[in-house]
Structure formats: C-alpha cells, structure tokens
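> for reference, the sequence and a predicted model appear below.
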Amino acid sequence: MTRNVIQKFETIVLHLIGTGGDSLSSIDVSSQFNPSDSSEADIGRNLNAAFLVTLSGKSHPLYEEANQYLNMTHDNNLLQKMVAFCRHGQKLLIGGFGGESDRFTERVAGVLHNCEAPADRSASGQPGVHPTHRRREVA
C-alpha cells in the first residue's frame, strides 16, 4: 500500500506544479527552476522549485537535476539552512509513508480514496451530497 500511496501523492504534486506551463495551479514551477542563476534570491527560488519538483517524483522531467540541486553545498550559511529545511520537508512528507507508524500513510490513503471515490455518494453508489454539506431548511 505504501508505494501506491507515494505514487498517488507524487502524481497529485506533479499535476499541481506541472511540467512546463500545464499545471493545475497555473504556476509554472519548471520555469522557476534555473540552476544557472546564482544570486541569493535566485538560489532561494531554485530551492523552492527543486523541492516541489522532487516531491512530484521521478516522472517529472527535471527530477534528477532538481534532486542534484538540493544536494549541492553552499558557502552561505542561510542557503545551507534553506537546503536543510527542504531536505527535512522531504523526509517528513515522503519519509512519513510507511514509517514507524502507518497512521500517516493511512490518513493520506484515506484522502486519496476520497478524491477518487468521494464520500458524498449515496447508498446506491450514485453521486449525492455529503451529509455535512446539505443545505439546512430554514423554518
């Protein structure tokens, strides 16, 4: 189950960030990743983009380059802290799947299941309205 959940998680992130102008969020993360740009602001932007690209998994065309970027060392202490922050985020998100407790995996699997087969289905299996979203009648 863990690998399946990770793949679904990566697919969701991939669709959110896209692969070059085709993202659900309308944010082109691929165009924000320019490793040759080297000002501190550029490096911060690149770290953010690389973090999101690596969360989208190996199917993203920039995955290998982004992963290598996150493994680079920087002379600047702040940039080193930013890299450590990104790596820690990856560890918490991806490392949480199948860790010591499967609670995280189970919770994410539940969310993914609800995305695939929403809880707002009636007993007949037909789309309906989730009980908490029903309009209340006003007397």
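Yes, it's here. Numbers count the residues shown, from 1 in each chain.
> so how far is residue 56 from residue 90?
12 Å (C-beta to C-beta, to the nearest Å). Any C-beta I mention is one placed from the backbone N, CA and C, and that applies to glycine too.
> more neighbours: which of those two?
Neighbours per residue, other C-beta atoms under 10 Å: of residue 90 and residue 56, the larger number sits with residue 56, 23 against 15.
> next, give phi and psi for that one.
Dihedral angles phi and psi of residue 56 (degrees, to the nearest 10) take the values phi -80, psi -10.
> over to residue 87?
Dihedral angles for residue 87 - degrees, to the nearest 10 - are phi -60, psi -40.
> spatially nearest residue to it, not counting backbone neighbours?
Distances taken as C-beta to C-beta, 6 or more residues apart in numbering put residue 70 closest to residue 87, at 6.5 Å, once the chain neighbours are dropped.
> that neighbour against residue 55, yeah?
No: taking contacts as C-beta atoms under 8 Å, residue 70 lies outside contact range of residue 55: 10.8 Å.
> overlap in contacts, those two.
residue 90 (C-beta atoms under 8 Å, 6 or more residues apart in numbering).
> and these two? Which one has more around it.
residue 55 (22 against 18).
> what strand or helix carries the closest residue in space to the more buried one that isn't next to it in sequence?
Of all residues not flanking residue 55 in the chain, residue 13 sits nearest, at 4.7 Å (C-beta to C-beta, 6+ apart). Residue 13 is part of helix 2-17, with elements assigned from DSSP states H and E.
> that helix: how far from the chain's middle?
7 Å (C-alpha atoms, centre = their mean, to the nearest Å).
> how far is stretch 28-37 from where the chain is centred?
17 Å.
> buried set for stretch 72-83?
By 16 or more other C-beta atoms under 10 Å, the buried positions in stretch 72-83 come out as 79, 82-83.
> tell me, what residue is most central in the chain?
Note on the chain: the residue nearest the mean C-alpha position is residue 13, at 3.8 Å, using C-alpha atoms, centre = their mean.
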